[in-house]
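Trainee: mind folding the following:
(one chain, ligands or ions: 1)
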Amino acid sequence: KRSSPYQKEFYQAAEEVLESLRPLMLKYPKYRKHKIIERIVEPERQILFRVNWVDDNGEIQVNKGYRIEFNSALGPYKGGLRFHPSVTAGVIKFLGFEQIFKNALTGLQIGGGKGGSDFDPKGKSDNEIMRFCQAFMSELFRHIGANTDVPAGDIGVGAREIGYMFGMYKKLANRYEGILTGKSINWGGSLVRTEATGYGAVYFAKYMLEARGESLEGKRCVVSGSGNVAIYTIEKLYHLGAIPVTCSDSNGMVYDSEGIDLVLLKELKEASRQRLTEYVKHRPHAKYTPSEEYPEGCNGVYNIECYAAFPSATQNELNLNDAKNLLENGCFCVSEGANMPSTPEAVDLFVESKICYGPGKAANAGGVSTSQLEMAQNASMVNWTFEEVDERLAQIMKNIYNSASQTAAEFGEPTNLVLGANIAGFKKVADAMIEQGLV
Ligand code: NDP
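Mentor: Reported below is the predicted structural model:
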């Protein structure tokens, strides 16, 4: 139920998927006979654990750790780890649920999982981050494995955190193996993994637009967030000749009418880990708006005129007011880099208005796809070039688009990629579950 306070994000994600499945269930009674819905909404396994660590003042700190192993019908559990104070069992469960269908859509052999902690990395020293990551892995290591469960990064977990967790795993297990993705390219990572989610969301927009005879070239675009997904969305938009004019963080947003200075943004966010308030000190013509000054009930990013929007921060960051503002300002394309960034009412409006709307589980699948390419390289002990991985990523995004749009057309709503993505992903997992028996 949307109103349920308990695990509300999970109910929101599940309700969207289940509503889309109505026509499929009517067409194929076998899914009801095998009770696939009842089975698929229950995780195969949920792990909740305590993480003790010591901060720089010598104080003991205690956080919650989670790993949810949701569905392994298509392959080892795969999905990121999120470190953010807003993490709860419900958030991890919604992310794990979405991951099942996203991973199925990629066409690769990966099941769905997710994990993380309510640990807040903001303001922590490098040593504190290392100690936390080591403490987290000291429990997680017994549950994961290269053919069992392979976590990756998500909000608050990037190459640095993956490195510290990998080091601890190696020490505890005494094995050097691909149990995490998003590793440094110096020791087992894949080229393009860092860029993959952002690049993928832009490729997805490109394929949606091409099908309508449109393109991103010369178009102004808004992007939310200023983390991994946002930065590489902005980079790929420039590659395709578009002009990204915004980025944001949880304190406010930057509007740079000349286009976001990508070199500066990378320097601030990736190299020196600073806040966006610093951006306007280097680009005085750009405007910084703190989130308290956003128009009431709105996210400032979606108040800017644009042709395409790329929500790349977090869940429920784009509500019905934002969706209305976007449409009134001429936005024709929304491609979600973040997971479930649009509220259900906003999604309904995008679908009704028949713009190009790419839901997160399709549009942001480039990250997990490239993670699977990293697993393939680890298993074969061969490294592919940047161009090779990028070409595979673009092809996978095209396949996802084709699969979602063909399924949407088959069920009579050709522009409804929510319907198409949910049905196509579900069908793949459900058929595998039936073939593998009641386990
Ligand atoms: P990062 O931690 O690198 O960046 C997150 C960005 O979102 C930061 O700018 C952060 O701002 C902002 N943000 C986080 N929480 C909030 C909030 N409550 N309100 C406003 N802004 C917020 O994470 P990623 O870029 O990796 O992830 C972004 C989204 O993309 C998430 O939804 C994630 O699940 C999704 N995703 C990521 C993938 C990946 O490969 N990394 C793969 C698929 C999906 P601040 O610094 O102020 O917190």
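Trainee: residues from this structure in reach of the ligand?
Mentor: Residues of the chain lying close to the ligand (Cβ under 6 Å from any ligand atom) are 153-156, 197, 225-230, 249-251, 312-314, 317, 337-339, 364, 367. No exception for glycine: its C-beta is placed from N, CA and C like everyone else's.
Trainee: buried subset of those?
Mentor: In terms of neighbour count (16 or more other Cβ atoms under 10 Å), the buried residues within the residues of the chain next to the ligand are 153-156, 197, 225-230, 249, 312-314, 317, 337-339, 364, 367.
Trainee: which ones among those map onto helices?
Mentor: Residues from those lying in helices, with DSSP state H as the criterion: 197, 228-230, 367.
Trainee: of all the residues you listed, which two lie farthest apart?
Mentor: The widest separation within those, taken as Cβ to Cβ, falls between 230 and 367 and amounts to 12.9 Å.
Trainee: in contact with the residue in the stretch 201-350 of the chain that the ligand sits nearest to, which residues?
Mentor: Distance from the ligand to each residue of the stretch 201-350 of the chain (Cβ to the nearest ligand atom) is smallest for residue 227, at 1.8 Å. Under the criterion of Cβ atoms under 8 Å, 6 or more residues apart in numbering, the contact list for residue 227 reads 155, 269, 312-313.
Trainee: okay, it and residue 264: tell me how far apart.
Mentor: Residue 227 sits 16 Å away from residue 264 when distances are taken as Cβ to Cβ, to the nearest Å.
Trainee: mind giving me the domain ranges of this structure?
Mentor: Under automatic domain parsing, the residue ranges defining each domain of the chain are 8-178, 196-358.
Trainee: which among these is found nearest to residue 189?
Mentor: Between residue 189 and the domains of the chain, the tightest spacing by Cβ to Cβ is seen for domain 8-178, at 7.7 Å.
Trainee: could you pull up the mean pLDDT of that closest one?
Mentor: Over the span of domain 8-178, the pLDDT mean works out to 98.
Trainee: what's the end-to-end length of that domain?
Mentor: End-to-end distance of domain 8-178: 34 Å, with Cα to Cα, to the nearest Å as the criterion.
Trainee: what's the nearest residue to residue 166 if we skip its chain neighbours?
Mentor: residue 180 (5.3 Å; Cβ to Cβ, 6 or more residues apart in numbering).
Trainee: my read: the one you found touches residue 162, true?
Mentor: Yes: when contacts are counted by Cβ atoms under 8 Å, residue 180 is listed as touching residue 162 (5.4 Å).
Trainee: just to revisit the earlier point, okay if I get the domains of the chain as JSON lines plus distance to residue 399?
Mentor: JSON lines is the format used below for the domains of the chain (distance: least, Cβ to Cβ, whole Å):
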{"stretch": "domain 8-178", "distance to residue 399": "6"}
{"stretch": "domain 196-358", "distance to residue 399": "10"}
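Trainee: look up how far residue 319 lies from residue 105.
Mentor: From residue 105 over to residue 319 (counting by Cβ to Cβ), the distance is 26 Å.
Trainee: and these two? which has more neighbours close in?
Mentor: residue 105 (28 against 18; other Cβ atoms under 10 Å).
Trainee: who's in contact with the more buried one?
Mentor: So, once contact is read as Cβ under 8 Å, 6+ apart, residue 105 ends up touching 361-362, 365, 400, 403-404, 421, 424-425, 428.
Trainee: how does it look with 7 Å?
Mentor: The neighbourhood of residue 105, defined by Cβ atoms under 7 Å, 6 or more residues apart in numbering, consists of 361-362, 365, 400, 403-404, 421, 424-425.
Trainee: out of these, the closest to the ligand would be?
Mentor: Using Cβ to the nearest ligand atom, those come closest to the ligand at residue 365, 7.5 Å.
Trainee: I'd say the closest one and residue 106 touch.
Mentor: Yes: here residue 365 reaches residue 106: they are 5.3 Å apart, a contact under Cβ atoms under 7 Å.
Trainee: higher neighbour count, these two?
Mentor: For residue 365 versus residue 106, the count of surrounding residues by other Cβ under 10 Å is larger for residue 365: 32 against 26.
Trainee: and the helix or strand hosting residue 115, what does it pack onto?
Mentor: Secondary structure assigned from DSSP states H and E places residue 115 in strand 111-117. Secondary structure elements in contact with strand 111-117, counted by 3 or more Cβ pairs under 7 Å, 6 or more residues apart in numbering; DSSP states H and E, are strand 60-71, strand 77-83, helix 89-105.
Trainee: one more time with 8 Å
Mentor: Under the contact criterion of 3 or more Cβ pairs under 8 Å, 6 or more residues apart in numbering; DSSP states H and E, the helices and strands touching strand 111-117 comprise strand 60-71, strand 77-83, helix 89-105, helix 126-140, strand 149-152.
Trainee: out of these, deepest packed?
Mentor: Mean neighbour counts were taken over the helices and strands packed on strand 111-117 using mean count of other Cβ atoms under 10 Å, and the top value, a mean of 28, falls to strand 77-83.
Trainee: so what are the sheet partners of that one and their directions?
Mentor: Taking DSSP bridges as the criterion, strand 77-83 sits next to strand 111-117 (parallel), strand 149-152 (parallel) in its sheet.
Trainee: check what contacts that strand and list those residues.
Mentor: Counting contacts by Cβ under 8 Å, 6+ apart, the residues outside strand 77-83 that touch it are 69-71, 91-92, 95-96, 99, 103, 110-117, 119-121, 132, 148-157, 161, 165, 367-368, 371-372.
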